[in-house]
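1. predicted coordinates and the sequence they were generated for:
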Amino acid sequence: MKKSISTFLKHPIKDSINRSANPSVTRASTILFNTMQELYSHEKKIRNNKKISYYSYGRYGSSTTIELENILKELEQAYHVFLTGTGFGGVALAIMSLCRPGDEILVSDNVYGPTKEISEELVREFNINAIFYDPDKFEDLKDKITKKTKMIVVENPGSNTFEFQDLSKIVKIAKRKNILTFLDNTWGTPLYLKPLKLGFDLSFSSATKYFSGHSDAMGGSLAVNKRVFKKVMNFYKLSGYRMAADEAYLIIRGLRTLDVRLKQHYENTKAVINFLKKQKKVKEILYPHKPGTKNYKLWKKYYKGANGLFSIVIKSKKKSSVVRFVNSLKLFGIGYSWGGFESLALFQELRGNTKYTKKRLFFRFGKDEHIVRLHIGLEDPKDLIEDLRKSLRYIK
Ligand SMILES: Cc1ncc(COP(=O)(O)O)c(C=O)c1O
């Protein structure tokens, strides 16, 4: 029977030995085999991506992480899914496993801060050159492709400024020139966009965000096609990347309700945006909410839904008053990450290099325009609107 994704997420795994509705948490370093031959043949199966229910050593995972891999493999329609201990580990795994000295990577200018940092600083120490392209101009990306381009690193929509790109165009040109493609799909999740089906070689999600959904676990999921599997597997094994069984369990638990939570985040967000768009102090809302705009059209073209993460642009000569607006919110926590049950707010400094963000090279906002990122959680949106209404008055 072909099940819908919502049904699939409720049913994928049970523990038949303990008869519980959830998988067991298998914490393991040593995995025991009856004979040496059994151990060797199991390792061969792993190398060849055959179906397994346990690994040969705890460094690669356990039966609990395999349960999570299987769910994500189905969601992503992937050849294999590599799990990492944090989301960012998945980004680093993709770049470091596939790029070598002399290669160039083309990176969208609006990627998540540390993705920019690894591209701009760390990989250069390995003689891999990162070149940033303007996410709003496909021609810019096209012009920057050289014979050395090994990978195009895309994040869609971009962190903090939420530009949407024409993904099929990127895949098409990359395939023609034999370049690998990576997409950070944390915002869309594989429920709303399946990058591998579009033709990307690597589809990444920070499982810390909506997969887990409860701000109590960290992890990354790097889904790959057959073309890159062996190289990524080799680096994965030799670099010691892995997700712990307890985190995998929490992420499996979160995934059960991913579909329902995303719908509610979206409903709440629409209510909040309806309020924000009437506020004079809010100049722009960076979210695909306005039919007819470029970002809306591209979102519609590729995505089945949206969620609770967006930014607002506030025009003010007094930056400190915008910071005060953020500080005075009572129901929005100030802190990193997003995708949990709760609302969050962050003032985002994108103009210069700070301790936490790298300077944007292509930035279309004016000197007096400030960006505040909001994550709309699962609280009652009426309360969130009231909170925003009270705090907006601090903006001068
Ligand atoms: C778009 C995006 N990608 C990757 C990451 C990294 O994930 P993690 O925090 O789980 O390491 C984040 C974290 O905020 C993110 O927002």
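-> Thanks, I have the structure now.

2. point out where the stretch 101-250 of the chain drops to low pLDDT.
-> Along the stretch 101-250 of the chain, no part satisfies pLDDT under 70.

3. return the residues of it in contact with the ligand.
-> Taking Cβ under 6 Å from any ligand atom, the part of the stretch 101-250 of the chain that reaches the ligand is made up of 112, 155, 159, 184, 186, 206, 208, 218, 220. Glycine gets a C-beta too; all of them are placed from N, C-alpha and C.

4. widest-spaced pair of these?
-> The most widely separated members of those are 155 and 218, with 18.6 Å between them, by Cβ to Cβ.

5. looking at these two, which has the bigger crowd around it?
-> When residue 155 is set against residue 218 and neighbours are counted by other Cβ atoms under 10 Å, the residue ahead is residue 155, at 25 against 22.

6. which residue ranges of the stretch 201-350 of the chain form strands?
-> Under the criterion DSSP state E, counting those that start in this stretch, strands of the stretch 201-350 of the chain are mapped to 202-206, 220-224, 282-286, 309-315, 333-334, 344-348.

7. now the helices for the stretch 51-200 of the chain?
-> 63-76, 87-98, 113-117, 123-125, 138-144, 167-176, 189-192, 195-198 (DSSP state H, counting those that start in this stretch).

8. so what touches the third one?
-> By Cβ atoms under 8 Å, 6 or more residues apart in numbering, the surrounding residues in contact with helix 113-117 are 88, 91, 107, 109, 132, 153, 155, 159, 184, 356, 357, 358.

9. these two touch, right, residue 243 and residue 83?
-> Yes: A contact is recorded between residue 243 and residue 83 when judged using Cβ atoms under 8 Å, the distance being 3.9 Å.

10. rewinding a little: ok, of the contacts of helix 113-117, which come out buried?
-> Judged by neighbour count, with 16 or more other Cβ atoms under 10 Å as the criterion, the buried members of the contacts of helix 113-117 are 88, 91, 107, 109, 132, 153, 155, 159, 184, 357, 358.

11. okay, and which of those map to strands?
-> When DSSP state E is applied, the buried ones among the contacts of helix 113-117 are split such that 107, 132, 153, 155, 184 fall in strands.

12. closest to residue 60 among those?
-> Taking Cβ to Cβ as the measure, residue 60 sits nearest to residue 184 out of these, at 23.9 Å.

13. what bridges to that closest one?
-> With DSSP bridges applied, the residues forming beta bridges to residue 184 are residue 155, residue 204.

14. quick one: it and residue 115, what's the gap?
-> Taking Cβ to Cβ, to the nearest Å as the measure, residue 184 and residue 115 are separated by 7 Å.

15. overlap in contacts of the two?
-> Shared contacts of residue 184 and residue 115, defined by Cβ under 8 Å, 6+ apart, are found at 91, 153, 155.

16. enumerate every residue touching the last one.
-> The one in question is residue 155. When the contact criterion is Cβ under 8 Å, 6+ apart, the partners of residue 155 are 108, 110, 111, 112, 115, 183, 184, 186.

17. longest helix of the protein?
-> In the chain, with assignment by DSSP state H, the single longest helix is helix 258-276.

18. which residues does it contact?
-> 5-6, 9, 189, 191-192, 210-211, 213, 282, 285, 287, 289, 305-308, 310, 312, 341, 374, 376-379, 381-382, 384-385, 388-389.

19. repeat that with 7 Å
-> Contacts with helix 258-276, where a contact means Cβ atoms under 7 Å, 6 or more residues apart in numbering, come from 5-6, 9, 189, 191, 210-211, 213, 282, 285, 287, 289, 305-308, 310, 312, 376, 378, 381, 384-385, 388.

20. thanks a lot, see you next time.
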